[in-house]
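Participant: fold the following.
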Amino acid sequence: MPGRPSIDTAFVGPTREELARYPRDVPAFVLLHGFDSSCMEFRRLHPLLSAVAPTYALDLVGWGFTDSSLFSKDKSLSIRPEDKAAHMAAFLEAHTDGRPVVLVGASLGGAKALDFAHTYPERVRSVVLIDAQGFIDGIGNMASAPRPLLWLGVKVLQSVPLRQAANKMAYCDKQRFATEDAMRVGRLHTHLPGWLDANIAFMRSGGYAISSKISQIQQQVLVLWGRNDEILDPSYAKRFEETLPNGRLVWVERCGHCAHLEQPETAAAEILSFVGLKAAAPVAEAAPVSASGAQ
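Facilitator: Model (predicted):
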């Protein structure tokens with residue numbers, strides 16, 4: 001984007017005062033959501049990681065709750081992967097106080113994480129992929145489609161039937177997790193001004209094409225994969241393990257595409273162990289007061 005203007009960036013994470021309370025040698029986790037999602041995707045994983053280390057659930061430029069008014073004002077703009085990487089680099093510089101960073105990318109967020117780790121290797125200590133996209137390059141012919149066709153293609157992403165269908169595909173335990181509330185949370189950001197224009201701007205860029213970079217990633221990479229993923233074929237999990245120079249695969253049982261939502265305790269335990277940290281001890285519940293002892 002010309003000039004790389006400042007934008008209001010949405011994230012969930014510690015204030016500067018809260019950041020100072022964490023041990024200095026503890027890395028910062030940066031959580032990157034999937035396609036057309038938001039930081040709310042990490043509503044179950046974030047509390048478990050932030051109890052141990054500074055944790056940021058980040059909405060990169062063009063997605064989630066980050067301000068998209070720029071793209072409504074200038075509909076000729078595109079959002080390239082390098083723009084998203086530059087946005088994240090600026091965010092890390094402003095918020096993480098020079099700490100080593102662990103990127104946690106879910107679905108397309110995995111492509112973002114790998115792309116950033118390849119472009120800015122000195123800023124990334126390690127990477128965690130959760131059912132990540134990496135071997136599917138770009139968005140095909142849609143990148144060069146006329147704007148009216150792109151508009152229709154994006155607009156359908158807002159529809160309740162499509163969101164509910166995707167919701168059901170995302171989970172193994174559909175009855176428990178593929179609820180109407182989950183669909184509403186996943187769709188909430190689509191009502192914001194500029195949402196449609198920002199998505200068109202990303203599609204115009206052609207999307208992420210990182211398959212050739214995966215074998216060049218030098219950081220340690222943990223690959224978490226739901227055994228029952230219906231969105232990305234589990235064969236991609238083995239392909240990551242075989243292609244990454246320093247990759248390790250862990251299967252998450254009884255889990256679909258979103259281990260961070262369906263099995264957050266398992267995901268958190270694996271992530272913390274991967275970086276050499278221990279989970280926080282659960283807070284003990286107060287003993288109940290008997291009726292005879294009540295005042």
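
Participant: stretch 217-237: which residues count as buried?
Facilitator: Using 16 or more other CB atoms under 10 Å as the burial criterion, the residues of stretch 217-237 that qualify are 217, 219-226, 228-229, 232, 236-237. In this view, the C-beta of every residue, glycine as well, is placed from N, C-alpha and C.

Participant: pLDDT averaged over that stretch - what is it?
Facilitator: For stretch 217-237, mean pLDDT rounds to 97.

Participant: what's the answer for stretch 159-175, then?
Facilitator: Rounded mean pLDDT across stretch 159-175 is 92.

Participant: could you work out the end-to-end span of stretch 232-252 for me?
Facilitator: For stretch 232-252, the first-to-last residue distance is 14 Å (CA to CA, to the nearest Å).

Participant: what pLDDT does the closest residue in space to residue 135 that isn't next to it in sequence get?
Facilitator: Among residues not flanking residue 135 along the chain, residue 211 sits closest, at 4.9 Å (CB to CB, 6 or more residues apart in numbering). Residue 211 is assigned 97 on the pLDDT scale.

Participant: repeat that for residue 23.
Facilitator: 94.

Participant: and it, how many neighbours?
Facilitator: By the criterion of other CB atoms under 10 Å, residue 23 has 8 neighbours.

Participant: quick one, what contacts residue 178?
Facilitator: Contacts for residue 178 were tallied using CB atoms under 8 Å, 6 or more residues apart in numbering; they are 164, 167-168, 170-171.

Participant: surely residue 251 is in contact with residue 222?
Facilitator: No. Here residue 251 lies out of contact with residue 222, judged by CB atoms under 8 Å, at a distance of 12.0 Å.

Participant: mind listing what's buried in the host helix or strand of residue 166?
Facilitator: Assigned by DSSP states H and E, residue 166 belongs to helix 160-170. By neighbour count on 16+ other CB under 10 Å, the buried set for helix 160-170 is 163-164, 166-168, 170.

Participant: and what of stretch 94-112?
Facilitator: Within stretch 94-112, the residues scored as buried using 16+ other CB under 10 Å are 95-96, 99, 101-112.

Participant: repeat for stretch 80-96
Facilitator: Under the neighbour-count criterion of 16+ other CB under 10 Å, stretch 80-96 has 80-81, 83-88, 91-92, 95-96 buried.

Participant: ok, now stretch 51-69?
Facilitator: For stretch 51-69, a neighbour-count test (16+ other CB under 10 Å) marks 52-68 as buried.

Participant: out of those residues, list just those in strands.
Facilitator: Counting by DSSP state E, these place 55-58 in strands.

Participant: touching, residue 46 and residue 14? I think so.
Facilitator: No. Contact between residue 46 and residue 14 fails when scored by CB under 8 Å: they sit 11.0 Å apart.

Participant: what touches both of the two?
Facilitator: residue 55.

Participant: which one's more surrounded, these two?
Facilitator: Higher neighbour count among residue 46 and residue 14: residue 46, with 23 against 19, using other CB under 10 Å.

Participant: what does the lowest-mean-pLDDT helix or strand in the chain rub up against?
Facilitator: Of all helical and strand segments in the chain, the minimum by mean pLDDT, DSSP states H and E falls on helix 147-155, at a mean of 75. Contacts of helix 147-155 with the rest of the structure, by CB under 8 Å, 6+ apart, involve 75, 142, 145, 196, 199-200, 203-204.

Participant: for stretch 109-124, same thing?
Facilitator: With CB under 8 Å, 6+ apart, stretch 109-124 has contacts from 31-34, 37, 60, 81-82, 84-85, 88-89, 92, 101-105, 127-134, 208, 210, 213-214, 216-219.

Participant: picking that back up, save the buried residues of helix 160-170 as TSV, and put in distance to residue 155 too.
Facilitator: Output for the buried residues of helix 160-170, formatted as TSV (distance: CB to CB, whole Å):
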residue	distance to residue 155
163	13
164	16
166	15
167	18
168	21
170	21
